[in-house]
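> take a look and give me a structure for this.
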Amino acid sequence: MIYHYFFYKTDTDYSKVNFIIDIKHIYICKMKLQAIIRETVEPKQGDLPQSIIVEFVGDKQKQHFEVLFYDFDPYQHKIRKWDTWELTIKWKSDIFIDPKTQVKSYFTYLVCTKAIPVYQMQK
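Numbers count the residues shown, from 1 in each chain. Next comes the predicted model:
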């Protein structure tokens with residue numbers, strides 16, 4: 001199974017760029033993975049998507065990944081720290097092109113579209 005969270009940024013310092021244009025979104029892969037919730041899930045704040053930090057079951061390196069939720073509220077569905085959930089994950093890629101240099105930067109996100117509890121701690 002592939003479940004890596006890739007992040008790539010060019011040497012360009014985007015804090016000095018006034019604006020970035022030509023944003024493209026690419027959805028490439030859909031996977032069902034079991035994940036252990038590693039940090040407390042907070043209520044939604046503002047218009048930004050919610051996110052949770054997970055460790056995928058079977059990952060020998062025990063890496064932690066951020067998973068975004070656009071249409072699914074993990075707090076409302078009682079996703080809690082230490083629970084295990086089966087997450088349906090899509091990869092979402094944003095391509096940013098610097099209008100001055102035409103240099104591309106690629107950002108890949110894990111987006112959860114569906115979650116089913118596997119094991120929940122007693123409350």
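> now this structure, which segments are flagged as low pLDDT?
Applying pLDDT under 70 to the chain flags the ranges 1-29, 123.
> list the contacts of W85.
The contact partners of W85, taken as C-beta atoms under 8 Å, 6 or more residues apart in numbering, are Q34, A35, I37, I79, A115, I116, P117, V118. Glycine gets a C-beta too; all of them are placed from N, C-alpha and C.
> go again with 10 Å.
Applying C-beta atoms under 10 Å, 6 or more residues apart in numbering to W85 gives the contacts 33-37, 52, 54, 67, 74, 77, 79, 112, 114-120.
> one more: T88?
Taking C-beta under 10 Å, 6+ apart, we find T88 in contact with K30, M31, K32, L33, F72, V111, C112, T113, K114, A115, I116.
> what of K30?
Taking C-beta under 10 Å, 6+ apart, we find K30 in contact with T88, I89, K90, W91, V111, T113, K114.
> for P117, see how far away it is.
Here K30 is placed at a distance of 20 Å from P117 (C-beta to C-beta, to the nearest Å).
> if we can go back for a sec, spatially, which two of the contacts of K30 are the most separated?
W91 and K114 (15.0 Å; C-beta to C-beta).
> these two: who's more crowded?
Using other C-beta atoms under 10 Å as the criterion, W91 and K114 rank with W91 on top: 19 against 14.
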